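Asks: 3D model of this:
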Amino acid sequence: MSIMKEFKDFAMKGNVVDMAVGIIIGGAFGKIVSSVVNDIIMPPIGVMVGGVDFKDLAFTIKAAVPATVDAMGTAVAEIPAVTLKYGNFIQVTFDFVIVAFAIFMMIKVMNNLKKKEEAAPAPAAPPAPTKEEVLLGEIRDILKNK
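Replies: Below is the predicted model:
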């Protein structure tokens, strides 16, 4: 079997296509959640804690060194500050918690639907054939054998 044929068989399987659709929808859902967190949830929280923008929160380990000229007259480039950007970490953590909660709620709803489906009574078994039907079946079998 050629590699192209094998690849086509693999790519056209239903679960691969379903997975691709899930990944695309998940990416779009992630953008929505990021927007909700960044544009709706975090600004009021920032106002409550004194007008802080969480993305800008950082701890400076080493300050930046401005550009200078050394003793030989050679320009030395600016060295940027070394910082721990914990505000961005807080932002991403909020994103994660909201995504995890949304997925949890979706799975919970799906499980509840599955429980209701399982709890539904099974269809009743067909009634046993009457004596007339049994007798007619025997007559049919005898006529077939002749």
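Asks: quick one, what contacts the nearest residue to residue 85 once chain neighbours are set aside?
Replies: Counting by Cβ to Cβ, 6 or more residues apart in numbering, the nearest residue to residue 85 once its immediate chain neighbours are dropped is residue 58, at 4.6 Å. The C-beta positions use only the backbone N, C-alpha and C, and glycine is treated the same way. With contact taken as Cβ atoms under 8 Å, 6 or more residues apart in numbering, residue 58 is in contact with 83-87.
Asks: pLDDT averaged over the helix or strand where residue 134 lies - what is it?
Replies: Here residue 134 is covered by helix 131-145, with elements defined by DSSP states H and E. Per-region confidence: helix 131-145 scores 90 on mean pLDDT.
Asks: ok now that helix, how far from the chain's centre?
Replies: Here the centre of mass of C-alpha atoms in helix 131-145, compared against the chain's by Cα atoms, centre = their mean, to the nearest Å, lies 60 Å away.
Asks: how much space between the most centrally placed residue in the chain and residue 92?
Replies: For the chain, the residue sitting closest to the mean C-alpha position, by Cα atoms, centre = their mean, is residue 26 at 4.8 Å. For residue 26, the distance to residue 92 (Cβ to Cβ, to the nearest Å) stands at 16 Å.
Asks: same thing with residue 107?
Replies: In terms of Cβ to Cβ, residue 107 sits 22 Å off from residue 92.
Asks: next: residue 145.
Replies: In this structure, residue 145 lies at 79 Å from residue 92, with Cβ to Cβ as the measure.
Asks: who's more crowded, those two?
Replies: Counting neighbours by other Cβ atoms under 10 Å for residue 145 and for residue 92 shows that residue 92 has the greater number, 12 against 6.
Asks: just to be sure, the residue nearest to the centre of the chain is in a strand?
Replies: No. With DSSP: H, G, I helix; E, B strand; the rest coil as the criterion, residue 26 is assigned helix and is not in a strand.
Asks: how near is it to residue 32?
Replies: Distance of residue 26 to residue 32, computed by Cβ to Cβ: 11 Å.
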